[in-house]
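Peer 1: Need the 3D shape of this:
(4 chains)
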Protein chains: 2
Amino acid sequence: MNALYNCISKYYPITSEAWKALSNALTQIKIPRNSFLVKEGTVCNNLYFLERGCLRGYYSLDGKEITYWFGFEDNFVTSFYSFISRKPAVENIQALEDSTLWSISYEALHLLFDAHHDLERLVRIINEQYYIRLEERFMAMQFKTAKERYEQLIENSPHILHRISLGQTASYLGISQETLSRIRSQV
Amino acid sequence: MNALYNCISKYYPITSEAWKALSNALTQIKIPRNSFLVKEGTVCNNLYFLERGCLRGYYSLDGKEITYWFGFEDNFVTSFYSFISRKPAVENIQALEDSTLWSISYEALHLLFDAHHDLERLVRIINEQYYIRLEERFMAMQFKTAKERYEQLIENSPHILHRISLGQTASYLGISQETLSRIRSQV
DNA sequence: TTCGCTTTTTGACAAATGTCAAAAGAAAGG
DNA sequence: CCTTTCTTTTGACATTTGTCAAAAAGCGAA
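Peer 2: Numbers count the residues shown, from 1 in each chain, chains lettered A, B, ... in the order given. I've put the predicted structure just below:
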(Lines give C-alpha, C1' and ligand atoms only; values in the text may rest on other atoms or scores of the structure.)
Protein backbone atom coordinates (compact mmCIF):
# COMPACT_ATOMS: atom_id res chain seq x y z
CA MET A 1 0.00 0.00 0.00
CA ASN A 2 3.11 2.14 0.26
CA ALA A 3 3.28 2.63 -3.48
CA LEU A 4 -0.24 4.07 -3.46
CA TYR A 5 0.52 6.37 -0.57
CA ASN A 6 3.61 7.70 -2.27
CA CYS A 7 1.75 8.11 -5.51
CA ILE A 8 -1.13 10.13 -4.12
CA SER A 9 1.21 12.24 -2.02
CA LYS A 10 2.66 13.57 -5.24
CA TYR A 11 -0.75 14.83 -6.25
CA TYR A 12 -2.09 16.14 -2.96
CA PRO A 13 -1.06 15.36 0.63
CA ILE A 14 -4.16 14.13 2.42
CA THR A 15 -4.61 14.07 6.19
CA SER A 16 -3.73 10.93 8.09
CA GLU A 17 -7.40 10.38 9.00
CA ALA A 18 -8.31 10.47 5.35
CA TRP A 19 -5.54 8.04 4.53
CA LYS A 20 -6.66 5.73 7.29
CA ALA A 21 -10.23 5.76 5.99
CA LEU A 22 -9.08 5.23 2.45
CA SER A 23 -6.76 2.36 3.22
CA ASN A 24 -9.52 0.63 5.19
CA ALA A 25 -11.73 0.76 2.12
CA LEU A 26 -9.15 -0.82 -0.18
CA THR A 27 -8.95 -4.46 -1.17
CA GLN A 28 -5.92 -6.03 -2.73
CA ILE A 29 -6.48 -8.18 -5.78
CA LYS A 30 -4.12 -10.24 -7.89
CA ILE A 31 -4.96 -11.27 -11.40
CA PRO A 32 -3.04 -13.54 -13.74
CA ARG A 33 -1.79 -12.66 -17.19
CA ASN A 34 -4.50 -12.56 -19.84
CA SER A 35 -7.37 -12.31 -17.38
CA PHE A 36 -9.82 -9.42 -17.48
CA LEU A 37 -10.23 -6.57 -15.03
CA VAL A 38 -13.11 -5.05 -17.01
CA LYS A 39 -15.25 -6.70 -19.67
CA GLU A 40 -17.24 -4.79 -22.22
CA GLY A 41 -20.98 -4.90 -21.57
CA THR A 42 -20.58 -4.93 -17.79
CA VAL A 43 -20.61 -1.95 -15.46
CA CYS A 44 -17.19 -1.27 -13.99
CA ASN A 45 -17.86 -0.79 -10.32
CA ASN A 46 -14.32 -0.21 -9.10
CA LEU A 47 -11.47 2.18 -9.29
CA TYR A 48 -8.09 0.45 -9.24
CA PHE A 49 -4.53 1.36 -8.49
CA LEU A 50 -1.98 -0.77 -10.31
CA GLU A 51 0.83 -1.63 -7.95
CA ARG A 52 2.64 -4.21 -10.04
CA GLY A 53 2.12 -5.54 -13.55
CA CYS A 54 0.83 -4.25 -16.79
CA LEU A 55 -2.61 -3.82 -18.37
CA ARG A 56 -4.10 -2.80 -21.65
CA GLY A 57 -7.49 -1.34 -22.56
CA TYR A 58 -8.98 -2.19 -25.91
CA TYR A 59 -12.11 -2.00 -28.03
CA SER A 60 -13.45 -4.57 -30.43
CA LEU A 61 -14.17 -3.06 -33.82
CA ASP A 62 -15.04 -5.10 -36.89
CA GLY A 63 -13.54 -8.17 -35.27
CA LYS A 64 -10.28 -6.36 -34.54
CA GLU A 65 -8.94 -5.42 -31.15
CA ILE A 66 -7.95 -1.79 -30.94
CA THR A 67 -5.74 -0.91 -28.02
CA TYR A 68 -6.22 2.64 -26.77
CA TRP A 69 -4.36 2.53 -23.47
CA PHE A 70 -1.63 0.79 -21.46
CA GLY A 71 -1.28 0.88 -17.70
CA PHE A 72 1.88 0.27 -15.74
CA GLU A 73 2.97 0.53 -12.12
CA ASP A 74 1.55 3.53 -10.22
CA ASN A 75 -1.33 4.09 -12.60
CA PHE A 76 -4.96 4.53 -11.66
CA VAL A 77 -7.14 2.28 -13.73
CA THR A 78 -10.82 1.97 -14.48
CA SER A 79 -13.22 2.10 -17.36
CA PHE A 80 -13.66 5.81 -16.78
CA TYR A 81 -16.85 6.16 -18.77
CA SER A 82 -18.48 3.17 -17.11
CA PHE A 83 -17.31 3.98 -13.60
CA ILE A 84 -18.54 7.57 -13.80
CA SER A 85 -21.76 7.13 -15.72
CA ARG A 86 -22.65 3.73 -14.19
CA LYS A 87 -23.34 2.31 -17.62
CA PRO A 88 -21.87 -0.81 -19.26
CA ALA A 89 -18.31 -0.43 -20.42
CA VAL A 90 -17.64 -0.45 -24.13
CA GLU A 91 -14.06 -1.57 -23.68
CA ASN A 92 -12.05 -4.37 -22.08
CA ILE A 93 -9.17 -4.09 -19.68
CA GLN A 94 -6.88 -7.08 -19.66
CA ALA A 95 -3.73 -8.04 -17.78
CA LEU A 96 -0.67 -8.37 -20.00
CA GLU A 97 1.38 -9.60 -17.03
CA ASP A 98 0.44 -11.05 -13.66
CA SER A 99 -0.72 -7.96 -11.81
CA THR A 100 -1.36 -6.70 -8.31
CA LEU A 101 -3.93 -3.96 -7.74
CA TRP A 102 -5.75 -2.14 -5.01
CA SER A 103 -9.46 -1.78 -5.52
CA ILE A 104 -12.16 0.51 -4.16
CA SER A 105 -15.83 0.39 -5.08
CA TYR A 106 -17.84 3.31 -6.46
CA GLU A 107 -20.02 3.33 -3.36
CA ALA A 108 -17.14 3.24 -0.92
CA LEU A 109 -15.33 6.01 -2.75
CA HIS A 110 -18.34 8.28 -2.72
CA LEU A 111 -18.97 7.66 0.95
CA LEU A 112 -15.38 8.70 1.53
CA PHE A 113 -15.98 11.85 -0.51
CA ASP A 114 -18.80 12.79 1.85
CA ALA A 115 -16.69 12.20 4.91
CA HIS A 116 -13.38 13.64 3.70
CA HIS A 117 -13.29 16.79 1.61
CA ASP A 118 -9.58 16.00 1.31
CA LEU A 119 -10.14 12.86 -0.65
CA GLU A 120 -12.52 14.49 -3.04
CA ARG A 121 -9.91 17.16 -3.66
CA LEU A 122 -7.29 14.50 -4.27
CA VAL A 123 -9.48 12.83 -6.84
CA ARG A 124 -10.34 16.13 -8.48
CA ILE A 125 -6.65 16.86 -8.86
CA ILE A 126 -5.80 13.41 -10.16
CA ASN A 127 -8.67 13.66 -12.66
CA GLU A 128 -7.32 16.97 -13.88
CA GLN A 129 -3.86 15.55 -14.45
CA TYR A 130 -5.29 12.60 -16.34
CA TYR A 131 -7.35 15.02 -18.43
CA ILE A 132 -4.22 16.91 -19.42
CA ARG A 133 -2.50 13.69 -20.46
CA LEU A 134 -5.46 12.67 -22.58
CA GLU A 135 -5.51 16.12 -24.17
CA GLU A 136 -1.85 15.71 -25.14
CA ARG A 137 -2.50 12.36 -26.73
CA PHE A 138 -5.50 13.78 -28.54
CA MET A 139 -3.44 16.60 -30.01
CA ALA A 140 -0.74 14.20 -31.14
CA MET A 141 -3.33 12.00 -32.79
CA GLN A 142 -4.94 14.91 -34.61
CA PHE A 143 -1.85 16.77 -35.76
CA LYS A 144 1.11 14.46 -36.03
CA THR A 145 2.13 11.85 -38.55
CA ALA A 146 2.59 8.22 -37.54
CA LYS A 147 6.33 8.67 -37.47
CA GLU A 148 6.16 11.72 -35.24
CA ARG A 149 3.82 9.90 -32.88
CA TYR A 150 6.26 6.99 -32.70
CA GLU A 151 9.16 9.30 -31.95
CA GLN A 152 7.10 11.00 -29.26
CA LEU A 153 6.38 7.59 -27.75
CA ILE A 154 10.09 6.76 -27.62
CA GLU A 155 10.62 10.09 -25.91
CA ASN A 156 7.76 9.96 -23.39
CA SER A 157 7.11 6.30 -22.73
CA PRO A 158 10.09 4.17 -23.72
CA HIS A 159 8.96 1.45 -21.29
CA ILE A 160 6.04 0.70 -23.60
CA LEU A 161 8.47 -0.43 -26.27
CA HIS A 162 10.05 -2.97 -23.95
CA ARG A 163 6.97 -4.49 -22.42
CA ILE A 164 4.42 -4.38 -25.22
CA SER A 165 4.30 -6.26 -28.51
CA LEU A 166 4.67 -4.44 -31.80
CA GLY A 167 1.12 -5.13 -32.90
CA GLN A 168 -0.36 -3.68 -29.73
CA THR A 169 1.95 -0.69 -29.80
CA ALA A 170 0.91 0.01 -33.39
CA SER A 171 -2.74 -0.17 -32.41
CA TYR A 172 -2.07 2.27 -29.56
CA LEU A 173 -0.48 4.68 -32.02
CA GLY A 174 -3.45 4.33 -34.35
CA ILE A 175 -1.51 2.73 -37.20
CA SER A 176 -1.14 -0.75 -38.66
CA GLN A 177 1.51 -3.13 -37.44
CA GLU A 178 3.17 -3.15 -40.85
CA THR A 179 3.46 0.63 -40.92
CA LEU A 180 5.06 0.67 -37.47
CA SER A 181 7.48 -2.04 -38.51
CA ARG A 182 8.51 0.06 -41.50
CA ILE A 183 8.84 3.26 -39.48
CA ARG A 184 11.04 1.40 -37.04
CA SER A 185 13.37 0.17 -39.75
CA GLN A 186 13.81 3.72 -41.06
CA VAL A 187 15.11 5.02 -37.75
CA MET B 1 -26.40 34.36 -14.48
CA ASN B 2 -29.47 32.19 -14.77
CA ALA B 3 -28.00 30.20 -17.59
CA LEU B 4 -25.03 29.27 -15.43
CA TYR B 5 -27.23 28.32 -12.51
CA ASN B 6 -29.34 26.08 -14.69
CA CYS B 7 -26.28 24.56 -16.26
CA ILE B 8 -24.55 23.62 -13.04
CA SER B 9 -27.79 22.33 -11.54
CA LYS B 10 -27.77 19.64 -14.20
CA TYR B 11 -24.40 18.45 -12.95
CA TYR B 12 -24.83 18.78 -9.20
CA PRO B 13 -27.26 20.86 -7.12
CA ILE B 14 -25.17 23.05 -4.84
CA THR B 15 -26.45 24.70 -1.66
CA SER B 16 -27.76 28.24 -1.85
CA GLU B 17 -24.83 29.49 0.26
CA ALA B 18 -22.39 27.99 -2.18
CA TRP B 19 -24.25 29.55 -5.08
CA LYS B 20 -24.25 32.91 -3.34
CA ALA B 21 -20.51 32.72 -2.78
CA LEU B 22 -19.90 31.61 -6.32
CA SER B 23 -22.01 34.28 -7.92
CA ASN B 24 -20.26 36.95 -5.87
CA ALA B 25 -16.94 35.79 -7.27
CA LEU B 26 -18.06 36.00 -10.88
CA THR B 27 -17.43 38.86 -13.28
CA GLN B 28 -19.29 39.32 -16.51
CA ILE B 29 -17.22 40.06 -19.58
CA LYS B 30 -18.18 40.79 -23.14
CA ILE B 31 -15.77 40.35 -25.99
CA PRO B 32 -16.21 41.25 -29.64
CA ARG B 33 -15.90 38.89 -32.58
CA ASN B 34 -12.29 37.99 -33.45
CA SER B 35 -10.86 39.10 -30.10
CA PHE B 36 -8.92 36.69 -27.89
CA LEU B 37 -9.93 35.18 -24.59
CA VAL B 38 -6.64 33.28 -24.26
CA LYS B 39 -3.39 33.90 -26.10
CA GLU B 40 -0.65 31.33 -26.44
CA GLY B 41 2.37 32.07 -24.31
CA THR B 42 0.35 33.64 -21.50
CA VAL B 43 -0.97 31.89 -18.41
CA CYS B 44 -4.73 31.53 -18.49
CA ASN B 45 -5.82 32.68 -15.06
CA ASN B 46 -9.57 32.29 -15.43
CA LEU B 47 -12.26 29.75 -15.86
CA TYR B 48 -15.12 30.98 -18.03
CA PHE B 49 -18.71 30.10 -18.65
CA LEU B 50 -19.95 31.01 -22.10
CA GLU B 51 -23.44 32.46 -21.83
CA ARG B 52 -23.85 33.74 -25.36
CA GLY B 53 -21.70 33.55 -28.46
CA CYS B 54 -19.22 31.17 -29.93
CA LEU B 55 -15.50 30.51 -29.49
CA ARG B 56 -12.82 28.39 -31.01
CA GLY B 57 -9.55 27.06 -29.64
CA TYR B 58 -6.63 26.61 -31.98
CA TYR B 59 -2.93 25.87 -32.18
CA SER B 60 -0.43 27.34 -34.55
CA LEU B 61 1.59 24.65 -36.30
CA ASP B 62 3.93 25.30 -39.22
CA GLY B 63 2.18 28.59 -39.85
CA LYS B 64 -1.22 26.93 -39.99
CA GLU B 65 -4.02 27.35 -37.50
CA ILE B 66 -5.34 24.04 -36.27
CA THR B 67 -8.70 24.22 -34.57
CA TYR B 68 -9.19 21.58 -31.90
CA TRP B 69 -12.31 22.84 -30.15
CA PHE B 70 -15.45 24.95 -30.48
CA GLY B 71 -17.44 26.39 -27.60
CA PHE B 72 -21.07 27.41 -27.69
CA GLU B 73 -23.68 28.56 -25.20
CA ASP B 74 -23.56 26.77 -21.81
CA ASN B 75 -19.98 25.60 -22.19
CA PHE B 76 -17.24 25.96 -19.65
CA VAL B 77 -14.15 27.39 -21.24
CA THR B 78 -10.51 27.74 -20.34
CA SER B 79 -7.11 26.66 -21.52
CA PHE B 80 -7.35 23.62 -19.33
CA TYR B 81 -3.65 22.80 -19.35
CA SER B 82 -2.64 26.35 -18.54
CA PHE B 83 -5.34 26.95 -15.94
CA ILE B 84 -4.52 23.75 -14.06
CA SER B 85 -0.74 23.71 -14.33
CA ARG B 86 -0.29 27.50 -14.14
CA LYS B 87 2.00 27.43 -17.15
CA PRO B 88 1.74 29.42 -20.38
CA ALA B 89 -0.96 28.23 -22.74
CA VAL B 90 0.11 26.64 -25.99
CA GLU B 91 -3.16 27.48 -27.70
CA ASN B 92 -5.38 30.45 -28.47
CA ILE B 93 -9.05 30.89 -27.73
CA GLN B 94 -10.80 33.37 -29.98
CA ALA B 95 -14.36 34.67 -30.26
CA LEU B 96 -16.04 33.74 -33.52
CA GLU B 97 -19.06 35.86 -32.59
CA ASP B 98 -19.60 38.68 -30.09
CA SER B 99 -19.69 36.76 -26.84
CA THR B 100 -20.81 37.14 -23.24
CA LEU B 101 -19.05 35.17 -20.52
CA TRP B 102 -18.82 34.83 -16.78
CA SER B 103 -15.32 34.69 -15.38
CA ILE B 104 -13.75 33.45 -12.17
CA SER B 105 -10.07 33.57 -11.32
CA TYR B 106 -7.97 30.58 -10.31
CA GLU B 107 -7.37 32.06 -6.88
CA ALA B 108 -11.02 32.85 -6.26
CA LEU B 109 -12.10 29.41 -7.37
CA HIS B 110 -9.65 27.68 -5.05
CA LEU B 111 -10.68 29.83 -2.11
CA LEU B 112 -14.23 28.75 -2.83
CA PHE B 113 -13.11 25.12 -2.87
CA ASP B 114 -11.73 25.54 0.64
CA ALA B 115 -14.92 27.12 1.91
CA HIS B 116 -17.47 24.98 0.06
CA HIS B 117 -16.94 21.26 -0.33
CA ASP B 118 -20.04 21.46 -2.54
CA LEU B 119 -18.34 23.54 -5.14
CA GLU B 120 -15.33 21.33 -5.31
CA ARG B 121 -17.65 18.38 -5.85
CA LEU B 122 -19.45 20.26 -8.60
CA VAL B 123 -16.19 20.94 -10.37
CA ARG B 124 -15.02 17.36 -9.92
CA ILE B 125 -18.22 16.16 -11.55
CA ILE B 126 -18.03 18.65 -14.40
CA ASN B 127 -14.41 17.68 -15.01
CA GLU B 128 -15.40 14.05 -15.21
CA GLN B 129 -18.08 14.75 -17.78
CA TYR B 130 -15.65 16.78 -19.87
CA TYR B 131 -13.15 13.94 -19.60
CA ILE B 132 -15.69 11.51 -21.00
CA ARG B 133 -16.41 13.82 -23.94
CA LEU B 134 -12.73 14.15 -24.73
CA GLU B 135 -12.35 10.39 -24.56
CA GLU B 136 -15.13 9.98 -27.11
CA ARG B 137 -13.49 12.42 -29.48
CA PHE B 138 -10.17 10.70 -28.99
CA MET B 139 -11.63 7.32 -29.91
CA ALA B 140 -13.27 8.76 -33.00
CA MET B 141 -9.99 10.31 -34.06
CA GLN B 142 -8.06 7.09 -33.58
CA PHE B 143 -10.48 4.62 -35.10
CA LYS B 144 -12.73 6.29 -37.61
CA THR B 145 -12.21 7.52 -41.14
CA ALA B 146 -12.69 11.16 -42.04
CA LYS B 147 -16.09 10.38 -43.49
CA GLU B 148 -17.26 8.56 -40.38
CA ARG B 149 -16.06 11.43 -38.21
CA TYR B 150 -18.02 13.87 -40.36
CA GLU B 151 -21.17 11.77 -40.13
CA GLN B 152 -20.73 11.58 -36.37
CA LEU B 153 -20.42 15.36 -36.28
CA ILE B 154 -23.69 15.76 -38.18
CA GLU B 155 -25.27 13.39 -35.67
CA ASN B 156 -23.83 14.86 -32.46
CA SER B 157 -23.20 18.54 -33.15
CA PRO B 158 -25.20 19.72 -36.14
CA HIS B 159 -25.01 23.31 -34.82
CA ILE B 160 -21.30 23.35 -35.65
CA LEU B 161 -22.16 23.01 -39.32
CA HIS B 162 -24.35 26.09 -39.22
CA ARG B 163 -22.15 28.42 -37.26
CA ILE B 164 -18.65 27.43 -38.30
CA SER B 165 -16.90 27.78 -41.65
CA LEU B 166 -15.92 24.73 -43.67
CA GLY B 167 -12.21 25.30 -43.24
CA GLN B 168 -12.45 25.46 -39.47
CA THR B 169 -14.77 22.48 -39.30
CA ALA B 170 -12.30 20.47 -41.40
CA SER B 171 -9.48 21.44 -39.08
CA TYR B 172 -11.59 20.34 -36.10
CA LEU B 173 -12.14 16.97 -37.76
CA GLY B 174 -8.43 16.64 -38.41
CA ILE B 175 -8.69 16.71 -42.21
CA SER B 176 -8.03 19.22 -44.98
CA GLN B 177 -10.71 21.57 -46.19
CA GLU B 178 -10.63 19.99 -49.64
CA THR B 179 -11.21 16.53 -48.24
CA LEU B 180 -14.19 17.74 -46.22
CA SER B 181 -15.61 19.47 -49.25
CA ARG B 182 -15.36 16.22 -51.20
CA ILE B 183 -16.89 14.16 -48.42
CA ARG B 184 -19.78 16.58 -48.25
CA SER B 185 -20.47 16.32 -51.97
CA GLN B 186 -20.60 12.51 -51.74
CA VAL B 187 -23.36 12.52 -49.15
C1' DT C 1 -26.02 45.98 -59.50
C1' DT C 2 -21.15 45.65 -59.52
C1' DC C 3 -16.64 45.30 -57.33
C1' DG C 4 -13.64 43.19 -54.15
C1' DC C 5 -12.99 39.86 -50.72
C1' DT C 6 -13.67 35.46 -48.58
C1' DT C 7 -15.17 30.79 -48.77
C1' DT C 8 -16.00 26.60 -51.21
C1' DT C 9 -15.38 23.43 -54.98
C1' DT C 10 -12.83 20.98 -58.45
C1' DG C 11 -8.84 18.81 -60.83
C1' DA C 12 -4.35 16.72 -61.07
C1' DC C 13 -1.01 14.67 -58.75
C1' DA C 14 1.89 13.21 -54.58
C1' DA C 15 2.49 11.26 -50.10
C1' DA C 16 1.07 8.51 -46.27
C1' DT C 17 -0.91 4.62 -44.71
C1' DG C 18 -3.67 0.30 -45.08
C1' DT C 19 -4.41 -4.52 -46.70
C1' DC C 20 -3.26 -9.03 -47.97
C1' DA C 21 -0.05 -12.63 -48.35
C1' DA C 22 4.10 -14.77 -47.58
C1' DA C 23 8.64 -15.22 -45.51
C1' DA C 24 11.70 -14.76 -41.65
C1' DG C 25 12.61 -14.68 -36.88
C1' DA C 26 11.82 -15.49 -31.93
C1' DA C 27 9.87 -17.88 -28.10
C1' DA C 28 7.73 -21.83 -25.67
C1' DG C 29 6.84 -26.66 -24.82
C1' DG C 30 7.82 -31.29 -25.17
C1' DC D 1 17.07 -30.12 -30.00
C1' DC D 2 13.09 -30.06 -32.70
C1' DT D 3 8.38 -28.68 -33.46
C1' DT D 4 4.81 -25.58 -32.98
C1' DT D 5 3.13 -21.17 -32.39
C1' DC D 6 3.33 -16.37 -32.16
C1' DT D 7 5.54 -12.10 -33.62
C1' DT D 8 7.87 -9.27 -36.89
C1' DT D 9 9.38 -8.07 -41.45
C1' DT D 10 8.98 -7.54 -46.35
C1' DG D 11 6.75 -7.00 -50.94
C1' DA D 12 3.10 -5.59 -54.04
C1' DC D 13 -0.60 -2.97 -54.58
C1' DA D 14 -4.96 -0.29 -53.21
C1' DT D 15 -7.02 3.39 -50.72
C1' DT D 16 -7.25 7.50 -48.25
C1' DT D 17 -5.97 11.87 -47.62
C1' DG D 18 -2.98 15.96 -48.50
C1' DT D 19 -1.14 19.71 -51.47
C1' DC D 20 -1.17 23.14 -54.85
C1' DA D 21 -3.51 25.83 -58.13
C1' DA D 22 -7.33 27.59 -60.31
C1' DA D 23 -12.21 28.18 -60.95
C1' DA D 24 -16.71 28.95 -59.00
C1' DA D 25 -19.82 30.56 -55.64
C1' DG D 26 -21.26 33.51 -51.91
C1' DC D 27 -21.48 37.91 -49.64
C1' DG D 28 -21.12 42.60 -48.10
C1' DA D 29 -20.27 47.50 -49.25
C1' DA D 30 -20.48 51.27 -52.29
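Peer 1: Flag the shaky bits of chain A, pLDDT-wise.
Peer 2: A:187 (pLDDT under 70).
Peer 1: can you give me the helices in it?
Peer 2: Counting by DSSP state H, chain A has helices at residues A:2-11, A:16-25, A:80-85, A:106-115, A:117-143, A:146-156, A:158-163, A:166-173, A:177-186.
Peer 1: Quick check: which of these is nearest to residue B:102?
Peer 2: helix A:117-143 (20.6 Å; CB to CB). Every residue, glycine included, has its C-beta placed from N, CA and C.
Peer 1: Counting by contacts, list what that closest one packs against.
Peer 2: helix A:2-11, helix A:16-25, helix A:106-115, helix A:146-156, strand B:55-61, strand B:64-71, helix B:80-85, helix B:117-143 (3 or more CB pairs under 8 Å, 6 or more residues apart in numbering or on different chains; DSSP states H and E).
Peer 1: mind checking which of the ones you listed is nearest DNA strand C?
Peer 2: Closest to DNA strand C of those is helix A:146-156 (CB to the nearest atom of the strand; 3.6 Å).
Peer 1: Okay, angle between that closest one and helix A:117-143 too, please.
Peer 2: On the basis of axes from the mean of the first three to the mean of the last three CA atoms, to 10 degrees, helix A:146-156 is oriented at 150 degrees to helix A:117-143.
Peer 1: Dump the helices of chain A into a markdown table; add distance to residue A:56 and mean neighbour count as well.
Peer 2: A markdown table is the format used below for the helices of chain A (distance: least, CB to CB, whole Å; neighbours: other CB atoms under 10 Å in any protein chain shown):
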| stretch | distance to residue A:56 | mean neighbour count |
| --- | --- | --- |
| helix A:2-11 | 20 | 14 |
| helix A:16-25 | 27 | 15 |
| helix A:80-85 | 15 | 20 |
| helix A:106-115 | 23 | 15 |
| helix A:117-143 | 15 | 18 |
| helix A:146-156 | 15 | 15 |
| helix A:158-163 | 10 | 12 |
| helix A:166-173 | 6 | 20 |
| helix A:177-186 | 15 | 14 |
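Peer 1: Just send those helices back as TSV, with distance to DNA strand D too.
Peer 2: Formatted as TSV, the helices of chain A follow (distance: least, CB to the nearest atom of the strand, whole Å):
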stretch	distance to DNA strand D
helix A:2-11	28
helix A:16-25	37
helix A:80-85	25
helix A:106-115	33
helix A:117-143	10
helix A:146-156	12
helix A:158-163	9
helix A:166-173	3
helix A:177-186	3
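Peer 1: how about those, which one is nearest residue B:46?
Peer 2: Checking those against residue B:46 by CB to CB gives helix A:117-143 as the closest, at 15.9 Å.
Peer 1: what angle sits between the closest one and helix A:2-11?
Peer 2: 80 degrees.
Peer 1: quick one on the thing from earlier: export the helices and strands packed on helix A:117-143 as JSON lines, with columns for distance to DNA strand C.
Peer 2: Shown next, in JSON lines, are the helices and strands packed on helix A:117-143 (distance: least, CB to the nearest atom of the strand, whole Å):
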{"stretch": "helix A:2-11", "distance to DNA strand C": "26"}
{"stretch": "helix A:16-25", "distance to DNA strand C": "36"}
{"stretch": "helix A:106-115", "distance to DNA strand C": "36"}
{"stretch": "helix A:146-156", "distance to DNA strand C": "4"}
{"stretch": "strand B:55-61", "distance to DNA strand C": "12"}
{"stretch": "strand B:64-71", "distance to DNA strand C": "11"}
{"stretch": "helix B:80-85", "distance to DNA strand C": "25"}
{"stretch": "helix B:117-143", "distance to DNA strand C": "10"}
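Peer 1: now the helices of chain A in CSV, with distance to residue A:71?
Peer 2: Output for these, formatted as CSV (distance: least, CB to CB, whole Å):
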stretch, distance to residue A:71
helix A:2-11, 13
helix A:16-25, 20
helix A:80-85, 12
helix A:106-115, 18
helix A:117-143, 11
helix A:146-156, 15
helix A:158-163, 11
helix A:166-173, 12
helix A:177-186, 21
